[in-house]
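Participant: Provided below are the primary sequence and the corresponding predicted coordinates.
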Amino acid sequence: MFSVLLAKTVGALRQITVERGHDARSFAMLAFGGAGPLVAPLIAREMQVKEVIVPQAPAAFSAWGMLNTDLVDDFSRTILHILDEVDMGELEKLFVGLENDAIASLSSQGVAASQVVLIRQLELRYYGQEHTLAIEIGEGYSRATIRQAFDEQHHARYGHSMKDMIEILNVRVRGLGRLGKPRIPRLLGLTGGVERAFVRKRAAYCFSRQTVTDFSVYLRSKLAPGDVIPGPAIVDEGTSTTVLFSDQVAEVDEFGHLIIRSSARSENASGASDEDAWGPTMKEPQQIDGVTVEVVRNYLVSAAEEMRATLIRTAFNPVIYDVLVSASRSMMRILNLWRKRQG
């Protein structure tokens, strides 16, 4: 069940990262909520994310986020003009009018003028396209700087830019009302090593070793900055549980956050490394069960979605897309037939 869940989750994450032109391996993963720290280290292993951050009190992290937000008011006006033909003086008047609306709205909510930040945006698209991109512009803008900003963002998002005319769809102003925010206190150091937080050992399944093994259980409330927890381990804090596998290690930073990183490669139950167990030396034919087939199917679907997203970023040719869809459907039919033959 966890393998199927993992495959589906990783597939969804790869879609939203690849489609936006990002490599998930270059980011850190933030684990919050009651269940986030339970599954994030597992997902990070699969996606080769180098770092997972588990903040203090992860179950209440969304509430902490609310305390750190600013007031935001958005105002817009639809104009539908070609960039090269728009009256720049009229465009400036539209921005000024929207900025006055934003200032009045934030003032009515008790925000002082000194705490107001105004952000100008244009929603643009190449003429004839459907979807737009929001481009932030400063006050000293021109047609050339607007076009350059749009071309750069379009290239970053879709992998290319064009020389077509650019159409302005909406003029936008975002008004931010800066509010005071709480600060995270640094934790005091404690005497002794990480053993002070050790509770007991318990058996659990380790996805790194592919077997049930002993996990060390620690109380998070007794951890201190500088403590290092090698996996396999479980960190319990009542409202959330963090699970480290045998190829991971966690370190407590000065604010009490858990920073989980990959450690040296682990060994499986037979004593061989995971690389050896799953590498070219594995020559015996294996009977494949239904769960494995489902996991493989999800990864193939994920691979097809990555190819689709990459093609969308590099071209808008419908013929290429139809070929990809046809190939994916053929692959699915072959997999379904193979699964039925497996029983």
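Facilitator: Yep, that arrived. Numbering: from 1, shown residues only.

Participant: Identify the residues contacting Gln248.
Facilitator: Pro41, Arg45, Ser208, Gly231, Ile260, Arg261, Ser262, Ser263 (Cβ atoms under 8 Å, 6 or more residues apart in numbering). (Each C-beta comes from the backbone N, C-alpha and C, glycine too.)

Participant: Those residues in strands, which ones?
Facilitator: Judged by DSSP state E, those include Ile260, Arg261, Ser262 as members of strands.

Participant: Check the residues you listed for burial and list the buried ones.
Facilitator: Ile260, Ser262 (16 or more other Cβ atoms under 10 Å).

Participant: which stretches of the stretch 1-150 of the chain form helices?
Facilitator: Counting by DSSP state H, counting those that start in this stretch, the stretch 1-150 of the chain has these helices, from start to end: 2-18, 36-47, 61-67, 88-108, 143-158.

Participant: Ok, which of those comes nearest Val249?
Facilitator: Closest to Val249 of the helices of the stretch 1-150 of the chain, according to Cβ to Cβ: helix 36-47, at 10.6 Å.

Participant: Remind me what that closest one packs against, helices and strands.
Facilitator: helix 2-18, strand 28-30, strand 51-54, strand 241-244, strand 258-262 (3 or more Cβ pairs under 8 Å, 6 or more residues apart in numbering; DSSP states H and E).

Participant: Out of those, the one nearest Leu300 is which?
Facilitator: For the helices and strands packed on helix 36-47, proximity to Leu300 was assessed by Cβ to Cβ; helix 2-18 is nearest, at 9.6 Å.

Participant: With just CA atoms, put the closest one into CSV.
Facilitator: Output in CSV follows, covering the C-alpha atoms of helix 2-18 (Å, rounded to 0.1, in the frame of the first residue of the first chain):
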residue,chain,number,x,y,z
PHE,A,2,2.8,2.4,0.9
SER,A,3,4.6,1.6,-2.3
VAL,A,4,1.6,2.5,-4.4
LEU,A,5,1.0,5.6,-2.4
LEU,A,6,4.6,6.6,-2.8
ALA,A,7,4.6,6.1,-6.6
LYS,A,8,1.4,8.2,-7.0
THR,A,9,2.7,11.0,-4.8
VAL,A,10,6.1,11.1,-6.5
GLY,A,11,4.4,11.1,-9.9
ALA,A,12,2.2,14.1,-8.9
LEU,A,13,5.2,16.0,-7.5
ARG,A,14,7.3,15.4,-10.6
GLN,A,15,4.5,16.7,-12.8
ILE,A,16,4.3,20.1,-11.0
THR,A,17,8.1,20.5,-10.8
VAL,A,18,8.9,19.3,-14.4
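
Participant: which of the residues in that helix are buried?
Facilitator: So, applying 16+ other Cβ under 10 Å, buried residues of helix 2-18: Leu6, Ala7, Lys8, Thr9, Val10, Gly11, Leu13, Arg14, Gln15, Thr17, Val18.

Participant: Tell me, what's the model's pLDDT at the last one?
Facilitator: Put plainly, it is Val18. Confidence at Val18, expressed as pLDDT, is 67.

Participant: cool, the one 5 residues further on as well?
Facilitator: Residue-level confidence at Asp23 comes out at 79, pLDDT.

Participant: Perfect, that will be all.
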